[in-house]
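Just the structure for this:
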Amino acid sequence: MLTPCEVVFKGFLPAMKSSIARELANRGFTQVEIADQLGLTQAAVSKYLSGTYSESIKELERNRTIRESIKKISGEIEHEHASRAKLAKGVCQTCEKFLGDKWDCRVSKYATDERLERVLETMLAKSVPADE
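The predicted model follows:
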């Protein structure tokens, strides 16, 4: 049995990251730049760009809510050089739309609270790149 957090961690987040990575690559970003923006290693970005991940993640990437969010988030990265906190908020908001009223996520509420943006930014700045 998977908990809702595991579903998000094992499916939704990789689908978001791989989609954003591909969209940024299509916009001319290098793997190193993508890795820096997404808090990943260059090797993780390479894996996402190669398409060597599960069919369930590929299926999630085709979801309309996710696709629309990817365009928006990628545009913010390209044109605004958005902070990692702002990107995290975009991912959390997409997750809320994707899951609908099926799940009430307290992490999302924390991540989308404007008053806590500095705290979130500090936490993300201290995190090490993920090698997924």
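
got the contact list for Lys72?
Listed by CB atoms under 8 Å, 6 or more residues apart in numbering, the contact set of Lys72 reads Gly90. All C-beta spots, glycine's among them, are computed from the backbone N, C-alpha and C.

what does the average pLDDT come to for the host helix or strand of it?
Lys72 belongs to helix 64-80 when assigned by DSSP states H and E. Helix 64-80 comes out with an average pLDDT of 88.

And Ala44, how close does it get to Leu38?
Per CB to CB, to the nearest Å, Ala44 is found 8 Å from Leu38.

related to what we said a few turns ago, got the CA coordinates for the helix holding Lys72 in PDB?
The C-alpha coordinates for helix 64-80 follow below in PDB (Å, rounded to 0.1, in the frame of the first residue of the first chain):
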ATOM      1  CA  ARG A  64      -3.500  18.300 -18.900                       C
ATOM      2  CA  THR A  65      -3.200  20.000 -15.400                       C
ATOM      3  CA  ILE A  66       0.500  19.000 -15.300                       C
ATOM      4  CA  ARG A  67       1.200  20.100 -18.900                       C
ATOM      5  CA  GLU A  68      -0.400  23.500 -18.300                       C
ATOM      6  CA  SER A  69       1.500  24.000 -15.100                       C
ATOM      7  CA  ILE A  70       4.800  23.000 -16.700                       C
ATOM      8  CA  LYS A  71       4.500  25.700 -19.400                       C
ATOM      9  CA  LYS A  72       3.800  28.300 -16.700                       C
ATOM     10  CA  ILE A  73       6.600  27.200 -14.300                       C
ATOM     11  CA  SER A  74       9.100  27.000 -17.200                       C
ATOM     12  CA  GLY A  75       8.200  30.400 -18.400                       C
ATOM     13  CA  GLU A  76       8.700  31.800 -14.900                       C
ATOM     14  CA  ILE A  77      12.100  30.200 -14.800                       C
ATOM     15  CA  GLU A  78      13.000  31.500 -18.200                       C
ATOM     16  CA  HIS A  79      11.700  35.100 -17.900                       C
ATOM     17  CA  GLU A  80      11.700  35.800 -14.200                       C
END
